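K.L.:
No letters, just coordinates:
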């Protein structure tokens, strides 16, 4: 993948741009309708977000005499870099303990939640695994789309095997990895291969994109299908999937019932879906919903 292709659309801008700051009513209305929130200054933005979150969770906060535990976020493995940045920003501008981030395959995380693992926010790389959590009665409100992604073939830096597209993954001289069929990247990969009419004899199936990327990076595999955002690290590069065969991944996020700090959990989601949060996602190669 070229250097130009690796640069995101928002890479030249700061996280917080000089745009008009809404009043409190505008903040509440824009968040309620899923419209990105603008803010002239980071401080003004976060004061509005936190005020909104506190109002929505006032009952849960009443009676607390001690500082609540940090918000725990379960998120798809492909979200590591942008979520680390969002967590840092939220902690800095709310003067609260930084959210605890737990990353993994969306299917694994959804299973852990259904088995009782404590968390405040769930971000899935596909609607299917979010639906499992919704069906279990664990989500407060409706899940919201906050980002999209596309597929790429991850190969070792320099592309020593000369992979040019999905058809090459059927070559017998390649060691190819796919995601397991029940995880988002595995399902998306199989859809793309089906569109291309390519049959791949994968040597292994991984539980998350991180497993695929790390093995290609280490030279244990020649190629694998991942998200294009996963090809932005040292030691690997991405080969584009033809538009006719590509699949768009849709990311959803939701606050979970029983969150220890519903106000801060709501603030995390609000920041993620705001203009500053969306710029963070753009800088890391994601697309806006």
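P.N.:
Nice, thanks for sending it over. All values reported here derive from a predicted model rather than from experimental measurement.
K.L.:
C-alpha only now, for contacts and for neighbours.
P.N.:
Noted.
K.L.:
Who are the contact partners of the residue nearest the centre of the chain?
P.N.:
Compute the mean C-alpha point of the chain, and by Cα atoms, centre = their mean the closest residue is residue 79, 3.6 Å away. By Cα atoms under 8 Å, 6 or more residues apart in numbering, the contact list for residue 79 reads residue 103.
K.L.:
Also residue 287?
P.N.:
147-149, 281 are the contacts of residue 287 under Cα under 8 Å, 6+ apart.
K.L.:
For those, pick the one with the most neighbours.
P.N.:
Among those, residue 281 has the most neighbours (other Cα atoms under 10 Å), with 29 neighbours.
K.L.:
nearest residue to that one other than its sequence neighbours?
P.N.:
Spatial nearest neighbour of residue 281, chain neighbours left out: residue 82 (5.7 Å); criterion: Cα to Cα, 6 or more residues apart in numbering.
K.L.:
Same question for residue 120.
P.N.:
residue 259 (4.5 Å).
K.L.:
what about the one you found, distance to residue 121?
P.N.:
8 Å (Cα to Cα, to the nearest Å).
K.L.:
Same check on residue 261?
P.N.:
10 Å.
K.L.:
Compare the two and say which is more crowded by neighbours.
P.N.:
Per other Cα under 10 Å, whichever of residue 261 and residue 121 has more neighbours is residue 121, with 25 against 20.
K.L.:
give the contact list for that one.
P.N.:
Counting by Cα under 8 Å, 6+ apart, the residues that residue 121 touches are 71-74, 253-256, 259, 265, 269.
K.L.:
Among those, which ones are in strands?
P.N.:
Mapping the contacts of residue 121 onto strands (DSSP state E) picks out 72-74, 253-256.
K.L.:
which two of these lie the greatest distance from each other?
P.N.:
With Cα to Cα as the measure, no two of those lie farther apart than 72 and 253, at 13.2 Å.
K.L.:
Name the residue in the two with the higher neighbour count.
P.N.:
More crowded of residue 72 and residue 253, by other Cα under 10 Å: residue 253, with 25 against 20.
K.L.:
Skipping adjacent residues, who's closest to the more buried one in space?
P.N.:
Closest to residue 253 by Cα to Cα, 6+ apart is residue 123, at 4.2 Å.
K.L.:
go on, residue 268?
P.N.:
In this structure, residue 268 finds its nearest non-sequential neighbour in residue 90, 6.8 Å apart by Cα to Cα, 6+ apart.
K.L.:
count of residues packed around that neighbour?
P.N.:
22.
K.L.:
I'd say it and residue 98 touch.
P.N.:
Yes: if you go by Cα atoms under 8 Å, residue 90 and residue 98 touch, sitting 7.3 Å apart.
K.L.:
wait, residue 187 sits on residue 181?
P.N.:
Yes: using Cα under 8 Å, residue 187 is in contact with residue 181, at 5.3 Å.
K.L.:
partners of residue 147 in the sheet?
P.N.:
residue 251 (DSSP bridges).
K.L.:
so it touches residue 289, yeah?
P.N.:
Yes: the pair residue 147 / residue 289 is scored as a contact, 5.0 Å apart, by Cα under 8 Å.
K.L.:
So for those two, which residues contact both of them?
P.N.:
Common neighbours of residue 147 and residue 289, using Cα under 8 Å, 6+ apart, are residue 250.
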